[in-house]
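> Pasting a predicted model and its sequence here:
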Amino acid sequence: MIKLITIMSENLSDKQKLDIIKENIKAFEDFPKPGIIFRDIFSVLADPSLFKLLHEVLLSHVKEIQPPVEYICGVDSRGFIFGSILAVFLRVPFIPIRKKGKLPGPVDSITYELEYGQDTLEIQTNIIKEGGRVLIVDDLLATGGTLWAAAMLISNLKAEVVECLTIIELLDLKGRNKIPFPVYSLIQF
Ligand SMILES: O=P(O)(O)OC[C@H]1O[C@H](OP(=O)(O)OP(=O)(O)O)[C@H](O)[C@@H]1O
Ligand SMILES: Nc1ncnc2[nH]cnc12
């Protein structure tokens, strides 16, 4: 199976790759709370052939981003996986935006609403230069609270949010409407 997709992937468009990936994202009802359908990106990462397809589509998107970004910020925790891959590819610094209390030294922080709760994000103070062009990466856009908070942290540092990039977007929740910066998602539910 891995070999088959590896050979085929050269002949697949990004759209076809994303259709295959979408079909393979497992959904868990009522997790972590009743009423939530949890879209589990780890079900894709557990299959090397699917992870490879996702990797290819991500690279093909980010190499077209204009203006070229100078930093990638990955959002705790699943944003670290995809953000770090892209930072290596673009040869730019990878900067973590972490949940409260995880980063050493002075930090800037912001509290935000989640689809299921509340949280605080932090970034190390002065880690990004003023005017620096930043791509923010996370796995999923739901209510938009997380990406909004991440984008506000960056813009409070007087850096430029060039794009907020997610693998999955939950359209019903209209999260992108909260975010006053370009938002791009690969797969929508
Ligand atoms: O658009 P929102 O409603 O803000 O929700 C999206 C966020 O929720 C999930 O993270 P979570 O806080 O569950 O943390 P995790 O990545 O560590 O699992 C997901 O990875 C996004 O970061
Ligand atoms: N429905 C959902 N599935 C996976 N991760 C999430 N983060 C917030 N909402 C989520």
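Noted; the coordinates are in hand. Numbering: from 1, shown residues only. Ligands and ions are numbered 1, 2, ... in the order given.
> Going by C-alpha atoms from here, please, whenever you check contacts or count neighbours.
Fine.
> For residue 120, pull up the helix or strand it's in.
Under the criterion of DSSP states H and E, residue 120 resides in strand 117-124.
> thought residue 140 was touching residue 173?
No. If you go by CA atoms under 8 Å, residue 140 and residue 173 don't touch, sitting 11.8 Å apart.
> Looking only at neighbour counts, state which of these two leads.
residue 140 (24 against 13; other CA atoms under 10 Å).
> Report the contact partners of the most centrally placed residue in the chain.
The residue lying closest to the centre of the chain (CA atoms, centre = their mean) is residue 138, at 1.8 Å. Applying CA atoms under 8 Å, 6 or more residues apart in numbering, we find residue 138 in contact with 74-76, 78-80, 82-83, 147, 164-167.
> For residue 160, see how far away the nearest residue to it once chain neighbours are set aside is.
Spatial nearest neighbour of residue 138, chain neighbours left out: residue 79 (3.8 Å); criterion: CA to CA, 6 or more residues apart in numbering. According to CA to CA, to the nearest Å, residue 79 and residue 160 sit 19 Å apart.
> list the helices and strands the strand holding residue 120 packs on?
strand 94-99, strand 107-114, helix 145-156 (3 or more CA pairs under 8 Å, 6 or more residues apart in numbering; DSSP states H and E).
> Distance to residue 52 and mean neighbour count added to the ones you listed, as TSV?
Shown next, in TSV, are those (distance: least, CA to CA, whole Å; neighbours: other CA atoms under 10 Å):
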stretch	distance to residue 52	mean neighbour count
strand 94-99	21	22
strand 107-114	30	16
helix 145-156	25	22
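> nearest to residue 35, of these?
strand 107-114 (14.2 Å; CA to CA).
> Strand 117-124 and the closest one, what's the angle between them?
Angle of strand 107-114 versus strand 117-124, following axes from the mean of the first three to the mean of the last three CA atoms, to 10 degrees, is 160 degrees.
> taking the mean pLDDT, what do you get for strand 107-114?
For strand 107-114, the mean pLDDT works out to 91.
> Residue 171: how many residues sit nearby?
Neighbours of residue 171 using other CA under 10 Å come to 14.
> what about it, distance to residue 52?
25 Å.
> mind checking which helix or strand residue 128 is in?
Applying DSSP H and E, one finds residue 128 in no helix or strand.
> Count the neighbours of it for me.
Neighbour count of residue 128, defined by other CA under 10 Å: 21.
> Quickly note the distance from it to residue 68.
Distance from residue 128 to residue 68, by CA to CA: 15 Å.
> and if you look at residue 49?
29 Å.
> quick one: the helices in the chain?
Counting by DSSP state H, the chain has helices at residues 2-9, 14-23, 42-45, 48-62, 78-90, 145-156.
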